[in-house]
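Asker: need coordinates for the following:
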Amino acid sequence: MSTVKINSIKAWILAARPKTLTGAAVPVMIGTAFAWKNCGAEMFQMIPAILCFLFAFVMQIDANFINDYFDCLKGNDDSSTRLGPKRACSEGWITLKAMRWGLMITTLLACLIGLPLIYFGGIEMIIIGIICVLFCFLYTTKLSYIGLGDLLVLVFFGIIPVCLTYYVIVPKDMQYIPWTVFLTSLGCGLVIDTLLCINNFRDRNNDKKDGKITLIVRLGENRGYKLYQTVGFIGVILTMIAILIEGMEIDKNQETILALTAFIPYTILLDNASKKMKSIWKGKELNLVLGMTARNMFIYGLTTVLSILIIQYV
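Answerer: Residues are numbered from 1 along each chain as shown. I've put the predicted structure just below:
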């Protein structure tokens, strides 16, 4: 990384953290799959689906820039003590002035991408957009320091993206949120929260020293470890319940059983990641579990989409 030039394209790519885009994609994938199932190819609206993906990606990059900038200002990304991946501002790859411009541009770009969704979802999309941008800043600057990060993940990586994506894609006469979609959005948020759990578990000692009282810090490391397991398994169980109900409503019992078995690989991989987390327990080696968790999260998303399509077409 010593070859990274200041404010170079490589530096901005590193700051954008492309691997985190998986977390942005998964809930939109799920909302899109539900919309396809319930309205069919004839009434499925492709433009809002594309806009939702683009909005989610740009907002994730924006959040990464904000996190990079403000954590550098607070001195939380000291390269000598940091256990997670290196950060652009703290490493000197991007200057603070350039990062201010970067986060302003990505914030504006996200707003411009989201603006056409007003046509598909109504004027209330403006309120939702403002809330997304506002909490994007509040997460890093305030809320993650008082243990509310996990709640924000549930809302902004589960409920809002899954339900909103579904809402804007379906025709206006179908614009309500089926409770199976809402139930799945909760499951999605919990599964994605496993990524925050392992991240905060790894950083628990540094966070406590810096006054960042995450939920893991509040619970302690033993209960924090159990939290990682619990949110992942509850998330997939909620999703499976929603899939079961979806299948029963259209009387596709055999197809539903097949769809539910598709979740077995995720549960096995989650259990393996939990065991690996327990065996490592602390230090930079937990980044291995972070990578496993990111992989599991994406597999969960693909499995959920596959299950929805199995019920619809098999």
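Asker: only C-alpha atoms from now on, for both contacts and neighbour counts.
Answerer: Will do.
Asker: quick one: end-to-end length of stretch 37-56, please.
Answerer: 22 Å (C-alpha to C-alpha, to the nearest Å).
Asker: buried residues in that stretch, which are they?
Answerer: Buried residues in stretch 37-56, counted by 16 or more other C-alpha atoms under 10 Å: 37, 44-45, 48-56.
Asker: just give the nearest non-adjacent residue to residue 233, would you?
Answerer: Distances taken as C-alpha to C-alpha, 6 or more residues apart in numbering put residue 267 closest to residue 233, at 7.2 Å, once the chain neighbours are dropped.
Asker: right, and the secondary structure at the one you found would be what?
Answerer: Under DSSP: H, G, I helix; E, B strand; the rest coil, the three-state class of residue 267 is helix.
Asker: any idea how many residues pack against it?
Answerer: If you count neighbours by other C-alpha atoms under 10 Å, residue 267 ends up with 17.
Asker: does the residue in the chain sticking out farthest from the centre sit in a helix, a strand or a coil?
Answerer: Most distant from the centre of the chain: residue 251, at 32.3 Å, with distances by C-alpha atoms, centre = their mean. Recorded secondary structure, residue 251: coil (three-state DSSP).
Asker: for it, list the residues it contacts.
Answerer: The contact partners of residue 251, by C-alpha atoms under 8 Å, 6 or more residues apart in numbering, come to none.
Asker: for it, phi and psi?
Answerer: In terms of degrees, to the nearest 10, the main-chain angles of residue 251 are phi 60, psi 50.
Asker: now the helix or strand hosting residue 62: average pLDDT?
Answerer: Using DSSP states H and E, residue 62 falls within helix 46-74. Averaged across helix 46-74, pLDDT comes to 95.
Asker: could you say what helices and strands that helix packs with?
Answerer: helix 9-16, helix 21-43, helix 88-91, helix 96-114, helix 117-121, helix 124-141, helix 160-169 (3 or more C-alpha pairs under 8 Å, 6 or more residues apart in numbering; DSSP states H and E).
Asker: mind running it again at 6 Å?
Answerer: The contact analysis (3 or more C-alpha pairs under 6 Å, 6 or more residues apart in numbering; DSSP states H and E) places helix 46-74 against helix 21-43, helix 96-114.
Asker: could you check the angle that helix makes with helix 160-169?
Answerer: Angle, helix 46-74 to helix 160-169, by axes from the mean of the first three to the mean of the last three C-alpha atoms, to 10 degrees: 150 degrees.
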